[in-house]
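Student: fold the following and give me the result.
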Amino acid sequence: MLSTLTQPVIGGACEPGCNNAPFLGFYDPKGRIASFVITPADVNGLAWNQVSLIDEPALSFAGTPGQTNCRSQSIATLRGLYGGLANAAVALGFTSTAALRNDIKEYCGG
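Tutor: Presented below is the predicted three-dimensional model:
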């Protein structure tokens, strides 16, 4: 399991539509998500407007895989583009800078 998420119940329907349903999303640049399960906790069931599954290609970074400066070049580019590595991690959907660094390391070839 990669993640679990609990969302509080939003009671009743809005007339006209109030458009206040939450967005729930999961992002896995390594492509490990094979399925997901939605389990309603409300005895009245579950309704949704739209479910989208988007298959995105793995991220690539500025450095050249296999080159000794791949990691440093990739990190420097992200810092410049996003004003810091922490900002880059958030913008790219990583849970932490450590997770971003791990993906850069894997991209560059360990």
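
Student: what's the neighbour count on F36?
Tutor: F36 has 12 neighbours, counted by other CB atoms under 10 Å. Placement of C-beta: from N, CA and C, glycine included.

Student: is it in contact with L5, as I believe?
Tutor: No. Here F36 lies out of contact with L5, judged by CB atoms under 8 Å, at a distance of 9.8 Å.

Student: now do the shared contacts for the two.
Tutor: F26 (CB atoms under 8 Å, 6 or more residues apart in numbering).

Student: Y107: neighbouring residues, count only.
Tutor: Other residues close to Y107 by other CB under 10 Å number 18.

Student: for it, give me the pLDDT.
Tutor: With respect to pLDDT, Y107 scores 90.

Student: does it count as helix, strand or coil?
Tutor: In three-state terms, and counting by DSSP: H, G, I helix; E, B strand; the rest coil, Y107 is helix.

Student: how about it: what's its closest non-neighbour residue?
Tutor: Of all residues not flanking Y107 in the chain, F61 sits nearest, at 5.3 Å (CB to CB, 6 or more residues apart in numbering).
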